[in-house]
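> just the structure for this:
(4 chains)
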Protein chains: 2
Amino acid sequence: MVEDTRGPADGSRRRDAGATREAILISAVEAFTRAGYDGAGVREVAGNAGVTAMLVNRYFGSKEQLFAEAVDRSFAPRTVVGDDPDALSEQTAKAVARRTAPYADDLDPFLLMLRSAANPRAAEIIRAGIERHVGGHLTGLLSGTDAEARAELLLSLIAGVWLMRKVVATPALAGMDEESLAVRLRELMRMLVDPPPDGAGP
Amino acid sequence: MVEDTRGPADGSRRRDAGATREAILISAVEAFTRAGYDGAGVREVAGNAGVTAMLVNRYFGSKEQLFAEAVDRSFAPRTVVGDDPDALSEQTAKAVARRTAPYADDLDPFLLMLRSAANPRAAEIIRAGIERHVGGHLTGLLSGTDAEARAELLLSLIAGVWLMRKVVATPALAGMDEESLAVRLRELMRMLVDPPPDGAGP
DNA sequence: CCACCATGTCTACGAGTGTAGACTCATGTC
DNA sequence: GACATGAGTCTACACTCGTAGACATGGTGG
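So this is what the prediction gives:
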């Protein structure tokens, strides 16, 4: 009886709206992270959740709204940037180096962003998600002038490394060991975090 | 007589294989830069070149091969990173700040990359294109240890800023004035270009 | 015990995709 | 002036996409 390919073993979860909705959302995060907004289909998301495509639209309204909730779910936990302002450079650099290592393929919000930003609708949703979850939080951790811009530059650096190391897979960066990368990144991040260079007064 | 929408006014270029091929390639660079590999269709590329979709495949074999040639064409001219090793940080920082300004919407290879990297086939083609055109050139400009990795980190920084400022359009970075951004970027790039920190001898 | 409503599925549509084969027509040479 | 060759087009196929409406079904309150 191999009738059902994936999902909850065809008998565990039946007629449980909350659990089904959750399963769809989790499947959506996984699919959007792996293939991006345009590359992931509603049928694929539904299939990996053990339901039909129509149920996705019944619960989430449309693919776009499903993506919006998936972005929220993916960006909500702070897995990359920590909470301690003093150790921000150190911890973030280590986290980026570790989570972009070749063996690690977690479900990172950065991967979801990089693979979905090509679509303008998706890009707008991502922008809103960043502003709501990470942008404000990160800006609050920084002190000095241009905190918001420096926070977004920090995100730019992280996203760029993620892109080149994991998505495009440029050889030297993809093969770089975690320690060396963490050292380089920490120095770069220190420049954005610690000393606000500021314009010298006249 | 508004029978033909775009292209060479329906009478200028007729039965000129070379010119037609060139027109298709230019149209492809524009379309792939604006919408990415998945977002741009062969019919759209053909239409903007004033021909039919089939001619594209007749000249380029397939959409994938067309994309490969478009990547080559887009990455060949060195418009962002200069040729002078001494002024590399200064010139590159200024170029990035200027070409990611809100008013500027040129046909940048970085935009093409960012909007196409979601597709794995396209990502592989882009990786090859970077290695062939910019990677080696940039590595040659750097001296010291880990030149290749530092070159790719430089590209990561550029790509990240391009992504956040132009594609995702994060507010603070999108609205940042060119001068301030150039200053920040120059300092960050100096750290990757000028002094190879190197491991201190034991 | 039965009816009801939420939960989930089936069929289908219209549009769009990349691409293959057959076709038309202009152009240059004998 | 007829004809071969190459430039370009037309029609069509097999497929996927997101989504709408009608239908089936299971758990639960009366």
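> domain-wise, how is chain A divided?
What automatic domain parsing lists as the domains of chain A is A:17-67, A:88-193.
> gap between A:Ala172 and B:Glu131?
Per CB to CB, to the nearest Å, A:Ala172 is found 10 Å from B:Glu131. The way it works is simple: take the backbone N, C-alpha and C, and place the C-beta from them, glycine included.
> which one's the longest helix in chain A?
In chain A, taking DSSP state H as the definition, the longest helix is helix A:17-39.
> list the buried residues of it.
Going by neighbour count (16 or more other CB atoms under 10 Å in any protein chain shown), the buried part of helix A:17-39 is A:20-21, A:23-39.
> with stretch A:102-119 instead?
By 16+ other CB under 10 Å, the buried positions in stretch A:102-119 come out as A:Asp108, A:Pro109, A:Phe110, A:Leu111, A:Leu112, A:Met113, A:Leu114, A:Arg115, A:Ser116, A:Ala117, A:Ala118, A:Asn119.
> coming back round to it: for the longest helix of chain A, packing partners?
The contact analysis (3 or more CB pairs under 8 Å, 6 or more residues apart in numbering or on different chains; DSSP states H and E) places helix A:17-39 against helix A:42-49, helix A:53-60, helix A:63-75, helix A:109-116, helix A:120-130, helix B:17-39.
> same list (those) but as a markdown table, adding distance to DNA strand C.
Output for the helices and strands packed on helix A:17-39, formatted as a markdown table (distance: least, CB to the nearest atom of the strand, whole Å):
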| stretch | distance to DNA strand C |
| --- | --- |
| helix A:42-49 | 7 |
| helix A:53-60 | 4 |
| helix A:63-75 | 12 |
| helix A:109-116 | 18 |
| helix A:120-130 | 15 |
| helix B:17-39 | 8 |
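> mind putting those into TSV with mean pLDDT?
Below are these laid out as TSV (pLDDT from 0 to 100):
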stretch	mean pLDDT
helix A:42-49	97
helix A:53-60	96
helix A:63-75	98
helix A:109-116	98
helix A:120-130	98
helix B:17-39	96
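> select, out of these, the one closest to B:Ile158.
B:Ile158 sits nearest to helix A:109-116 of all the helices and strands packed on helix A:17-39, at 14.8 Å, using CB to CB.
> measure the residue nearest to A:Gly129 when sequence neighbours are not counted to B:Arg15 for me?
Excluding the flanking residues, the one nearest A:Gly129 by CB to CB, 6 or more residues apart in numbering or on different chains is A:Val71, at 4.2 Å. Here the criterion is CB to CB. By it, A:Val71 lies 50 Å from B:Arg15.
> among these two, which residue is more densely surrounded?
A:Val71 (27 against 6; other CB atoms under 10 Å in any protein chain shown).
> could you count how many residues lie near the residue in chain A that chain B sits nearest to?
Taking CB to the nearest CB, chain B has its nearest neighbour within chain A at A:Gly160, 2.6 Å off. Using other CB under 10 Å, A:Gly160 has 26 neighbouring residues.
> which strand or helix spans it?
In the assignment (DSSP states H and E), A:Gly160 maps to helix A:147-162.
> by contact count, what packs against that helix?
Where contact means 3+ CB pairs under 8 Å, 6+ apart, helix A:147-162 is packed against helix A:88-99, helix A:109-116, helix A:136-141, helix A:178-193, helix B:147-162, helix B:171-174, helix B:178-193.
> for burial, what's the neighbour tally of the residue nearest to A:Asp72 when sequence neighbours are not counted?
Once flanking residues are discounted, A:Asp72 sits nearest to A:Gly129: 6.2 Å by CB to CB, 6+ apart. Here the number of neighbours of A:Gly129 (other CB under 10 Å) works out to 24.
> same check, this time on A:Ala122
A:Ala122 has 25 neighbours, counted by other CB under 10 Å.
> show the contacting residues for it.
A:Ala122 is in contact with A:Gly36, A:Tyr37, A:Asp38, A:Phe67, A:Ser116, counting by CB atoms under 8 Å, 6 or more residues apart in numbering or on different chains.
> same check on A:Ala49?
Per CB under 8 Å, 6+ apart, neighbours of A:Ala49: A:Gly7, A:Thr20, A:Ala23, A:Ile24, A:Ile26, A:Ser27, A:Val56.
> tell me which parts of chain A are close to DNA strand D?
By CB under 7 Å from any atom of the strand, the part of chain A that sits against DNA strand D consists of A:14-15, A:40-44, A:53-54, A:57, A:62-64.
> recalculate using a threshold of 10 Å.
A:11, A:14-16, A:31, A:35, A:37-47, A:52-58, A:60-67 (CB under 10 Å from any atom of the strand).
> of those, just the buried ones, ChimeraX syntax please.
Buried residues among those (16+ other CB under 10 Å), as a ChimeraX selection:
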select /A:31,35,37,38,39,40,42,44,45,46,47,55,56,60,63,66,67
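> per-residue confidence averaged over the helix holding A:Gly160?
Averaging pLDDT along helix A:147-162 gives 97.
> kindly export that helix (C-alpha atoms) in CSV.
Only the C-alpha atoms of helix A:147-162 are listed here, as CSV (Å, rounded to 0.1, in the frame of the first residue of the first chain):
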residue,chain,number,x,y,z
ALA,A,147,22.1,53.1,12.7
GLU,A,148,19.4,52.0,10.3
ALA,A,149,21.6,52.3,7.3
ARG,A,150,24.4,50.5,9.0
ALA,A,151,22.0,47.7,10.0
GLU,A,152,20.9,47.3,6.4
LEU,A,153,24.6,47.3,5.2
LEU,A,154,25.2,44.5,7.7
LEU,A,155,22.3,42.6,6.2
SER,A,156,23.7,43.3,2.8
LEU,A,157,27.0,41.8,3.7
ILE,A,158,25.4,38.7,5.2
ALA,A,159,23.1,38.3,2.2
GLY,A,160,25.9,38.7,-0.3
VAL,A,161,28.1,36.1,1.4
TRP,A,162,25.1,33.8,1.5
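> and it, how far out from the chain middle?
13 Å (CA atoms, centre = their mean, to the nearest Å).
> how far off helix B:109-116 does that helix point, in degrees?
Taking axes from the mean of the first three to the mean of the last three CA atoms, to 10 degrees, one finds helix A:147-162 and helix B:109-116 inclined to each other by 70 degrees.
> show me the contacts for A:Val193.
Residues counted as contacts of A:Val193 (CB under 8 Å, 6+ apart) are A:Leu88, A:Ser89, A:Leu142, A:Arg150, A:Leu154.
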